[in-house]
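In: Sequence first, predicted coordinates after that:
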Amino acid sequence: MGNKTSLANNGKAATVRSTFSRQTSITISINADASIVWALLTNAADYPRWNSTVISIDGKIALGEKISLKSVLDPKRTFKLKVKDFEAGKKLVWGDAMGERIYTITNDQKGGVIFSMSEKIGGPLFPLFAKMIPPFDSSFERFAADLKKEAEIIMTSK
Amino acid sequence: MENYTVETFNREFERNSGQLKSYLLRMTASVKDAEDIVHDTYIKAVDKLHSFRGESSLKTWLFTIASNLAKDNLRFQKRWTENVTDITKAAALQNKDFFAEAMHIAATSPQGRFEVKEHIAFCFTCISKSLPLEQQLCIFLKEVYEFKVGEIATILVTNDAMVKYYLHTGRSKMISIFDGRCALINKEGVCHQCSELNGIFNPKQNTQQELTKIDLVKEAEKGDKEHLFDLRMQILKEIDPFESNAAALQQHHLEHNRHVMDKYVTES
């Protein structure tokens, strides 16, 4: 179990595919206070400054709010998403009818956090458009690495 | 811990009141609000003096009270926009009284002298009002009034990590705004307001020569944005907006900008 946890925290994405769904997940350890990671994840306007996978997020990231996200993965498209879960400092979920993105932050008992992110897309029509959706692995790895870098820079600032 | 009598407290308050007043002017952009909050800070501090345990310095305690009052004052006001200098310039050009009043102040007030450095500080105050309030508070407390991260956490009733977050994001945002706008540090910058105003108020001066006396301008070509931000903060540290040579003139500009921006953000 110990080995499994440390391997899972290495910032490498993994994707599990089935006929009707696809789920990409990543976990990374971050040497920063949970409040910093949470603040970065919930400040919509600030995303493009530190996150190389996001072009823009308009709207307020709060429970029940709707946001418009433009991603470098598909720059011509604007994703209209709803914030479905918002547990301050712990869990954030946004999504649409196609799927949802889940972010979790867990204290590692050493002053840092374990950050996890997963996205599951799918449904009865998923096999029809599955090939049109690009893989998320590389984008997830950049997202996690950017978050780690930015949070740790802030944590070590004077 | 030092036990303060009202008399010794009054002496300490007097020692800190100048910084408190300038801090509050920079937060509220209103001379009246700044003076009122300093007064209310005094009243509240005297009332609560018996509960001051010396867990922080008296200065930190006073800034805590003043910051809470400032937050109450600003809580329901919309934040300004980062193009504040464009909006207020357009409004000034359409207001025939603006320059007449400013010229009168320049001609008659002992604190009516236009100086580019003063305008740089004034400009920072206006643009910082486009930041989220916590970021603006943290930047002023750390960069201008030299509080430590832990002291700012006490003043704002938060933790060190969040103060670091507010400082980092606020600094990054202000660096980005000035890099995009300020012609003093970027030849492509769209805002030349301090040079233009210097030409109006000091027509006999060679503005370019004046600008090269300022470290912020001298160092601009090296392109170290963090360093340029620190030099900008150094200018703010050296200027008391109530006591400087340009205080009356800059307060007039600030009052104008506050009226224009409060109306602009309310209507937009």
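Out: Here it is on my side, so go on. Residues are numbered from 1 along each chain as shown, chains lettered A, B, ... in the order given.
In: Now do the buried residues in the longest helix along chain A.
Out: When chain A is parsed with DSSP state H, its longest helix is helix A:137-156. Across helix A:137-156, burial judged by 16 or more other CB atoms under 10 Å in any protein chain shown covers A:139-144, A:146-148, A:150-152, A:154-155. Every C-beta, even on glycine, is put in place using the N, C-alpha and C of the backbone.
In: For the residue of the stretch 1-150 of chain B found nearest chain A, give me its contacts.
Out: Nearest residue of the stretch 1-150 of chain B to chain A, counting by CB to the nearest CB: residue B:149, 7.1 Å away. Contacts here follow CB atoms under 8 Å, 6 or more residues apart in numbering or on different chains; on that basis residue B:149 touches A:158, B:142, B:160, B:163, B:164, B:167.
In: do that again at 10 Å, thanks
Out: A:157, A:158, B:138, B:141, B:142, B:159, B:160, B:161, B:162, B:163, B:164, B:167 (CB atoms under 10 Å, 6 or more residues apart in numbering or on different chains).
In: what residues are up against the closest residue in space to the last one that isn't next to it in sequence?
Out: If you skip the residues right next to it in sequence, residue B:167 has residue B:138 as its closest partner in space, 4.9 Å away by CB to CB, 6 or more residues apart in numbering or on different chains. For residue B:138, the set of contacting residues under the criterion of CB under 10 Å, 6+ apart consists of B:131-132, B:147, B:149, B:152-153, B:155-156, B:158, B:162-171.
In: From residue A:93, how far off is residue B:138?
Out: 30 Å (CB to CB, to the nearest Å).
In: Likewise for residue B:135?
Out: From residue B:135 to residue A:93 the distance is 27 Å (CB to CB).
In: cool, residue B:207 as well?
Out: 55 Å.
In: Let me see the ranges of the strands in chain A.
Out: A:14-17, A:21-30, A:54-58, A:66-71, A:78-87, A:91-95, A:99-107, A:113-122 (DSSP state E).
In: Would you agree residue A:122 is in contact with residue A:128?
Out: No - under the criterion of CB atoms under 10 Å, residue A:122 is not in contact with residue A:128, lying 11.6 Å apart.
In: on that earlier part again, export the contacts of residue B:149 as CSV, with columns for secondary structure and pLDDT.
Out: Output for those, formatted as CSV (DSSP: H, G, I helix; E, B strand; the rest coil; pLDDT from 0 to 100):
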residue, secondary structure, pLDDT
A:157, coil, 95
A:158, coil, 88
B:138, helix, 98
B:141, helix, 98
B:142, helix, 98
B:159, coil, 96
B:160, helix, 97
B:161, helix, 97
B:162, helix, 98
B:163, helix, 98
B:164, helix, 98
B:167, helix, 98
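In: nearest to residue B:243, of those residues?
Out: Checking the contacts of residue B:149 against residue B:243 with CB to CB, the nearest one is residue B:141 at 20.0 Å.
In: Quick one: neighbours of the closest one, just the number.
Out: 25 (other CB atoms under 10 Å in any protein chain shown).
In: OK, contacts around it?
Out: Here residue B:141 is in contact with B:23, B:27, B:60, B:63, B:67, B:147-149, B:151-152, B:155-156, B:163, B:166-167 (criterion: CB under 10 Å, 6+ apart).
In: residues in contact with the closest residue to chain A within the stretch 51-200 of chain B?
Out: Nearest to chain A, among the residues of the stretch 51-200 of chain B, is residue B:161, at 3.6 Å (CB to the nearest CB). When contacts are counted by CB under 10 Å, 6+ apart, residue B:161 is found next to A:32-39, A:111, A:151, A:154-155, B:149, B:153.
In: Need the buried ones from the residues you listed selected in ChimeraX.
Out: To isolate the buried subset of the contacts of residue B:161 in ChimeraX, counting by 16+ other CB under 10 Å, use the following:
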select /A:32,33,34,35,36,37,38,39,151,154,155 /B:149,153
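In: Out of the contacts of residue B:161, which is nearest to residue B:183?
Out: Among the contacts of residue B:161, and counting by CB to CB, the member closest to residue B:183 is residue A:154, at 30.5 Å.
In: pretty sure that closest one contacts residue A:38?
Out: No - in terms of CB under 10 Å, residue A:154 does not count as a neighbour of residue A:38; the distance is 12.0 Å.
In: Quick check: neighbours shared by those two?
Out: Common neighbours of residue A:154 and residue A:38 (CB under 10 Å, 6+ apart) are B:161, B:162, B:165.
In: what's the spacing between the residue in chain A that chain B sits nearest to and residue A:117?
Out: In chain A, the residue that lies nearest chain B is residue A:33 (3.6 Å; CB to the nearest CB). Distance of residue A:33 to residue A:117, given as CB to CB: 18 Å.
In: residues in contact with residue B:88?
Out: B:80, B:98, B:126, B:193, B:253-254, B:256-261, B:264.
In: Residue A:31 is in contact with residue A:114, correct?
Out: No - in this structure residue A:114 lies outside contact range of residue A:31 using CB under 10 Å: 11.0 Å.
In: Mutual contacts of these two, please.
Out: Contacts common to residue A:114 and residue A:31, judged by CB under 10 Å, 6+ apart, are residue A:108.
In: Compare the two (neighbour count), which wins?
Out: residue A:114 (17 against 14).
In: Quick one: neighbours of the residue lying closest to the more buried one once chain neighbours are set aside, just the number.
Out: Excluding the flanking residues, the one nearest residue A:114 by CB to CB, 6+ apart is residue A:106, at 4.6 Å. Residue A:106 is flanked by 14 other residues according to other CB under 10 Å.
In: got a pLDDT number for residue A:106?
Out: With respect to pLDDT, residue A:106 scores 97.
In: Okay, now the unreliable bits of chain A?
Out: A:1-8 (pLDDT under 70).
In: and it, which residues reach chain B?
Out: A:32-40, A:43, A:45-46, A:49-50, A:111, A:150-151, A:153-158 (CB under 10 Å from any CB of the partner chain).
In: can you list the residues of the stretch 51-200 of chain B near chain A?
Out: Taking CB under 10 Å from any CB as the criterion, the stretch 51-200 of chain B approaches chain A at residues B:132, B:142, B:148-149, B:158-169, B:171-173, B:176.
In: Go ahead and build a PyMOL selection from the buried members of the residues you listed.
Out: Isolation of the buried members of those (16+ other CB under 10 Å) is achieved in PyMOL through the command below:
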select buried, chain B and resi 132+142+149+158+160+161+162+163+164+165+166+167+168+169+171+172+173
